[in-house]
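Engineer: Generate coordinates for the sequence data below:
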Amino acid sequence: MENLSNHTTLRVGGPANNFVRVSTEEEIITAIESAGDQPILILGSGSNVLISDTGFPGTVIQIANNKVTAEVDACSGATLNIGAGENWDDFVKTTIDRGWAGLETLSGIPGTVGAAPIQNIGAYGHEVSEFVMRVRTYDRQAKALKTFTNQECEFSYRDSVFKKNPGRYVVIEVQFNLRRGEMSSPITYAELAAELGIAVGEKADVIKTREAVLKIRGRKGMLLNDSDKDTFSAGSFFTNPIVSENLIPEGAPKYPQADGTFKTSAAWLIEQSGICKGQSFNGAAISGKHVLAITNADNAKASDIAALAMQVRDAVKLKFGIELVPEVNLVGLTLGN
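Structural biologist: Below you'll find the model as predicted:
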């Protein structure tokens, strides 16, 4: 049986009962239908998942379709249809190399194109939902292909209709619309603006913006590096909490949301709760570069990483009364109560 630790950026995960790698739409559908009623796990690059040490009892389908088609119009920009298995950052780089703007602040995010709309990935003031036109899926319940418009995707912060219905929709292809241009949208994220040497609200060259984002992510250990165990993580383990304003501690960052709630910084809460960079449990450790990343520092098991995540969550809850929610998908294990 295939050991899933070979397919996750945390380097943990037990064996899969059945493991299939597929490269075309037809192969994806065949693999799903062949699984019947048994559980399936869709795996891209394994960068946002923590799989239990006992593995997965059903079929793991690794999607590797990277079909790319483009229609370019001088007025409307580029309409791109991208296979779910395409590497996300390779795709971002390609768009910039071809003179299309929009995705530059999403540079360096690990994973595949297919995972992007599920999580509604985002960074430095932008989310992928701003650029998605349609998502083509296979509906396991209806046993049929289904295409979602942007509105039907029900995007919100790190959420979507696909995430709300786990196991039902398998993303096959994502359609994006990007504008032609050499300048970014206004930079709204202070840290990125400072890196670029501009004021918040100003625009920057898209190539320089990508370079700046990659530098920031590199300093935080958020770029995978096979020679640096401090990057053996699933990225940010927790989402930034969205709560009522009265729950946000004094001094914590707060960003107003459309519904009247406020988003605050999970990293700030973690640091202020007494959790330190480099803090460890067995082989798992808080990154020495960023407290939001939990790493496989020394042959950790999935249970070690989960235990350390529980320590972080419980420390924040005890100190501030705010419960952090995992951004990482947990497969076969939980963080307990």
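Engineer: Name the nearest residue to Val20, ignoring sequence neighbours.
Structural biologist: Using Cβ to Cβ, 6 or more residues apart in numbering and skipping the chain neighbours, the partner closest in space to Val20 is Ala31 (4.8 Å). All C-beta spots, glycine's among them, are computed from the backbone N, C-alpha and C.
Engineer: Surely the one you found forms part of a helix?
Structural biologist: Yes - the assignment for Ala31, made by DSSP: H, G, I helix; E, B strand; the rest coil, places it in a helix.
Engineer: residues contacting it?
Structural biologist: Shown in contact with Ala31 (Cβ atoms under 8 Å, 6 or more residues apart in numbering): Val20, Val22, Thr59, Ile61.
Engineer: separation between the first one and Ile61?
Structural biologist: Taken as Cβ to Cβ, to the nearest Å, the spacing of Val20 relative to Ile61 amounts to 5 Å.
Engineer: cool, and Gln38?
Structural biologist: 12 Å.
Engineer: Have a look at Val20 and Ile61 and say which one is more surrounded.
Structural biologist: Ile61 (23 against 20; other Cβ atoms under 10 Å).
Engineer: Break down the stretch 1-150 of the chain into its helices, ranges please.
Structural biologist: For the stretch 1-150 of the chain, the helices defined by DSSP state H, counting those that start in this stretch cover 25-35, 88-97, 115-119.
Engineer: Show only the entries of the contacts of Ala31 found in strands.
Structural biologist: Using DSSP state E, Val20, Val22, Thr59, Ile61 are the members of the contacts of Ala31 that sit in strands.
Engineer: nearest to Ala266, of the residues you listed?
Structural biologist: Using Cβ to Cβ, Ile61 comes nearest to Ala266 of the ones in strands among the contacts of Ala31, at 30.9 Å.
Engineer: The closest one contacts Ile28, correct?
Structural biologist: Yes - contact status for Ile61 versus Ile28: in contact at 7.1 Å, counting by Cβ atoms under 8 Å.
Engineer: shared neighbours of those two, anything?
Structural biologist: By Cβ under 8 Å, 6+ apart, Ile61 and Ile28 have these common neighbours: Val22, Val170.
Engineer: how does this structure divide into domains?
Structural biologist: 4-63, 68-216, 229-331 (automatic domain parsing).
Engineer: Among those, single out whichever gets nearest to Leu223.
Structural biologist: Closest of those to Leu223 is domain 68-216, at 5.5 Å (criterion: Cβ to Cβ).
Engineer: tell me how far the ends of the closest one are from each other?
Structural biologist: This stretch, domain 68-216, spans 29 Å end to end (Cα to Cα, to the nearest Å).
Engineer: Please look at Glu71 and Gly77 and confirm they touch.
Structural biologist: No - between Glu71 and Gly77 there is no contact under Cβ under 8 Å: 9.7 Å.
Engineer: Strands along the stretch 151-300 of the chain, start to end?
Structural biologist: Remark: strands assigned in the stretch 151-300 of the chain by DSSP state E, counting those that start in this stretch are 169-180, 233-236, 242-243, 254-256, 262-264, 280-281, 284-286, 293-296.
Engineer: could those go into TSV alongside mean pLDDT and mean neighbour count?
Structural biologist: Shown next, in TSV, are these (pLDDT from 0 to 100; neighbours: other Cβ atoms under 10 Å):
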stretch	mean pLDDT	mean neighbour count
strand 169-180	96	22
strand 233-236	94	26
strand 242-243	96	17
strand 254-256	91	13
strand 262-264	96	19
strand 280-281	96	18
strand 284-286	97	27
strand 293-296	97	27
